[in-house]
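>>> take a look and give me a structure for this.
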Amino acid sequence: MTAEYKVHGDVAVITMSNPPVNGLGHATRAGITSALAKALEDAAVKAIVITGAGKAFSGGADIKEFGSPKALQDPNLLSVILALEASSKPIVAAIHSVCMGGGLELALGCHYRVAAPGTQVALPEVKLGLIPGAGGTQRLPRVLGVEAALNLIVSGQPVPSELLAQAPGQKLFDKLAASPESLMDEAVALAREVAAKGGDLPLVRNLPCKHPQGDAYFQFAKNMVGGMSKNFPAPLKCVEAVQAATKLKFDDGMAKEREIFLALMMTPESAALRHLFVAERAASKIPDVPEDTPKREIKTVGVIGAGTMGGGIAMNFLNAGVPVTMLEMKQEALDRGVATIKKNYEAQVKKGKLKQDKYEQRMALLKTTLSYDDLKGADLIIEAVFEELGVKEKVFTQLDAIAKPGAILASNTSTLDVDKIAAFTKRPQDVVGMHFFSPANVMKLLEVVRGAKTGKDVMATVMAIAKKIKKTAVVSGVCDGFIGNRMIEQYSRQAGFLLDEGATPQQVDKAIEKFGFAMGPFRMGDLAGNDIGWAIRKRRATERAEMKYSKTADKLCELGRFGQKTGAGWYDYQAGKRDAIPSDLVNKMIEDHRKELGITPRKISDEEIVQRLVYALVNEGAHILEDGIASKAGDIDMVYLTGYGFPMHRGGPMHYASQVGLYNVAETMKRFARNPHDDANFWQPAPLIQKLVAEGKGGFA
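Okay, the predicted model is just below:
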């Protein structure tokens, strides 16, 4: 049973017990209602306290039931809350630790609420593209006031109970407990006190709900919220639902909330955000590495290389309170690296995002060295040196000689073979890829590359350390480019072919940015440095001669136009500014190249641009799943959402393809295969796509 029932004298205590956060799954909801019925039938019971076991009151809906029939099966949450409100005996919610979503809505259905200090209170449904669906938009404004409630609902962010308890006129909490330890005693005492007093039991639904400015306030709120949530319908719908609370009778307001909730549940944006929520949690689980796999202790970290990557990687660990020793070959390189770290932190201090003492604490954790001997004691050593196998060999041979037994040796390589790198050591089981994305102290993604011999305990340790440094870790197998860069190469190839056929860099970038990408392929190339892609294409020419590319990118690099760092790339840049200015020189170079190829430019629609770029990701992603490089489609989506600026409201390339329907995607690919200027081989739908379509499946999941 996921709800326990105990009687303490004349008070019945119902404890939700569904770890980790007492999610309100069907069994828990049924447990609450049957325990409530028991308490009401027992003449000796005068009052009821409802609470949560362990580390939460309740975190709301049970994500394991998302989208399944069980989520709506009776008693649904609305029925449970109605049963609480209808109780003839007073019910006190004893709230602690986490009280979010449906958990908060449940508490609002009780007659009284006592909260422990430090409780995180939130209605986070907006983060899933929804509004609260069990009375949150109707009851919270009645106990907190319209503005405070709307802020909580639209932001979805948690607020500490102490702060809410101080709000003038608040009726959310009848009492703030002296401490988490005394919460139950205080809740039981309150329950006895109100039972002895008798009289009508207070219901949140009966409280008034008005805003002094009425419609004018809601118009202002809509303008504010609309400007900040352009791709997401839910935030504006939150405003609409709270406005309904101020204008309609309670039951009519509840009906309006339900109507909005169910309509949002059907939107592609909500489907994308719910997919992201589940995929993010699933990414941290590795099919053949059990949760209880023993982890190695990581108390100290070594970082080799003090350049942009090395410094950014070091900052992640300093932020998490882990001491770092940074190694370089020359003192001036070390000094430059430390100066950059200081500059980054000082910028945060200036903006008020970091306190001066915290900055000093972090810098105190950083040591620098010119000698490998100083890395002897490190538990984890990450190299961030030049992306060339010969350079990596020197580093790993050295590390093998000095690192203590059991130290994890990680490479920040973005494309190289981790198995070859592991073979430079006598301990391949300790070697793993940790591919950070630039800037490493900002970007959320960490590709964890699992070599053929990487130990399971190493994988478990690296996934745990990723969580500690607040990264979204996704596991990749060994292949050229891993998940992200292997796919982006196909995307970039398509961008090049589009130039050959008649598009301009501006048109391609604008089309994909309108679709929702943070940055188009050409602006991205200029930011990353076009010489990086050039080096990869030169390597490809010898390793995979059959790979076809547009020559425009090579011609650009031959002109020395490597991007923002040289003040010129696909676009022109003014000193000190990042604005991309269309370049006549580049457009002329592209036109001349078309003439050389004998191609008559054609008008290319934005729709074709988006489909060719996005479906290129999808097709390569399907090959990656077939090859076992990624274990699930959701992992690929996480890579693209957290590392490559794929639009959040579209849920990642694989989810987006599932939304469009794989049959439609495959048919479009076949059409692209008939284009003489494209790569017909590449556009054969991956066998996995063909198989899913043949089985009548619309998507990957």
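
>>> quick one: the helices in the stretch 201-350 of the chain, in order.
Using DSSP state H, counting those that start in this stretch, the helices of the stretch 201-350 of the chain run over 215-228, 234-247, 250-265, 268-283, 308-319, 331-350.

>>> then the stretch 351-500 of the chain?
356-364, 389-402, 418-422, 456-468, 484-501.

>>> please apply the same query to the stretch 601-701 of the chain.
606-626, 633-643, 653-660, 662-673, 687-694.

>>> need those in JSON lines with distance to residue 89 and mean pLDDT, can you?
Using the backbone N, CA and C atoms, a C-beta is placed for each residue, glycine as well. Shown next, in JSON lines, are these (distance: least, C-beta to C-beta, whole Å; pLDDT from 0 to 100):
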{"stretch": "helix 606-626", "distance to residue 89": "55", "mean pLDDT": "98"}
{"stretch": "helix 633-643", "distance to residue 89": "46", "mean pLDDT": "96"}
{"stretch": "helix 653-660", "distance to residue 89": "47", "mean pLDDT": "96"}
{"stretch": "helix 662-673", "distance to residue 89": "55", "mean pLDDT": "97"}
{"stretch": "helix 687-694", "distance to residue 89": "55", "mean pLDDT": "96"}
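
>>> wouldn't residue 90 be in contact with residue 113 here?
No - using C-beta atoms under 8 Å, residue 90 is not in contact with residue 113, being 11.7 Å away.

>>> quick check: domain ranges of this protein?
Domains of the chain are assigned by automatic domain parsing as 3-264, 301-476, 485-694.

>>> I'd say residue 688 and residue 620 touch.
No - under the criterion of C-beta under 8 Å, residue 688 is not in contact with residue 620, lying 11.3 Å apart.

>>> those two: which is more packed in?
Neighbour tally, residue 688 and residue 620, criterion other C-beta atoms under 10 Å: the higher count belongs to residue 620, 22 against 19.

>>> coming back round to it: of the helices of the stretch 201-350 of the chain, which is nearest residue 566?
helix 308-319 (16.1 Å; C-beta to C-beta).

>>> who are the packing partners of the closest one?
strand 301-304, strand 324-327, helix 331-350, helix 356-364, strand 431-436 (3 or more C-beta pairs under 8 Å, 6 or more residues apart in numbering; DSSP states H and E).

>>> show residues contacting the lowest-mean-pLDDT helix or strand in the chain.
Taking mean pLDDT, DSSP states H and E as the measure, helix 530-543 is the helix or strand of the chain with the lowest mean score, a mean of 79. Here helix 530-543 makes contact (C-beta atoms under 8 Å, 6 or more residues apart in numbering) with 387, 415, 489, 492, 525, 547, 549, 553-554, 556-557, 561-563, 569-570.

>>> count of neighbours near the residue nearest to residue 167 when sequence neighbours are not counted?
Nearest residue to residue 167 in three dimensions, chain neighbours excluded: residue 148, at 5.8 Å (C-beta to C-beta, 6 or more residues apart in numbering). Counted by other C-beta under 10 Å, the residues lying close to residue 148 total 20.

>>> so what's residue 148 up against?
Listed by C-beta under 8 Å, 6+ apart, the contact partners of residue 148 are 164, 167, 170.

>>> what mean pLDDT does the helix or strand hosting it get?
Secondary structure assigned from DSSP states H and E places residue 148 in helix 146-155. Mean pLDDT, helix 146-155: 94.

>>> and the next helix or strand past that helix?
Taking DSSP H and E, what comes next after helix 146-155 is strand 159-160.

>>> got the buried residues for stretch 133-143?
Of the residues in stretch 133-143, 133-143 count as buried by neighbour count, 16 or more other C-beta atoms under 10 Å.

>>> typed the wrong thing, it's stretch 508-522
508-509, 511-512, 515-517, 519-522.

>>> ok, residues contacting that stretch?
231, 491-492, 495, 498-499, 505-506, 523, 527, 569-571, 580, 606, 609-610, 613-614, 645-650.

>>> and if you look at stretch 311-325?
298-303, 306, 326, 337-338, 340-341, 344-345, 361-363, 365-369, 374-375, 378, 382, 384, 412, 436, 438-442, 468-471.

>>> of those residues, grab the buried ones for PyMOL.
Buried residues among these (16+ other C-beta under 10 Å), as a PyMOL selection:
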select buried, resi 298+300+301+302+303+306+326+337+338+340+341+344+345+362+365+366+368+374+375+378+382+384+412+436+440+441+469+471
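
>>> separation between the nearest residue to residue 415 once chain neighbours are set aside and residue 182?
Nearest residue to residue 415 in three dimensions, chain neighbours excluded: residue 481, at 4.9 Å (C-beta to C-beta, 6+ apart). Using C-beta to C-beta, to the nearest Å, we find residue 481 at a distance of 57 Å from residue 182.

>>> give me the more crowded residue out of those two.
residue 481 (21 against 13).

>>> my read: that one touches residue 489, true?
Yes - Residue 481 lies in contact with residue 489 (C-beta under 8 Å); the separation is 6.1 Å.

>>> all helices of the stretch 1-150 of the chain, in order?
Using DSSP H, counting those that start in this stretch, helices in the stretch 1-150 of the chain cover 26-41, 77-86, 102-108, 136-144, 146-155.

>>> out of the buried residues of stretch 133-143, who's nearest residue 95?
For the buried residues of stretch 133-143, the nearest to residue 95 is residue 143 (12.9 Å; C-beta to C-beta).

>>> from what I see, that closest one and residue 107 are in contact.
No - in this structure, residue 143 is not within contact of residue 107 by C-beta under 8 Å, at 10.0 Å.

>>> quick check: mean pLDDT of stretch 294-312?
95.

>>> do stretch 204-215 as well
In the prediction, stretch 204-215 has an average pLDDT of 93.

>>> with that, I have no additional questions.
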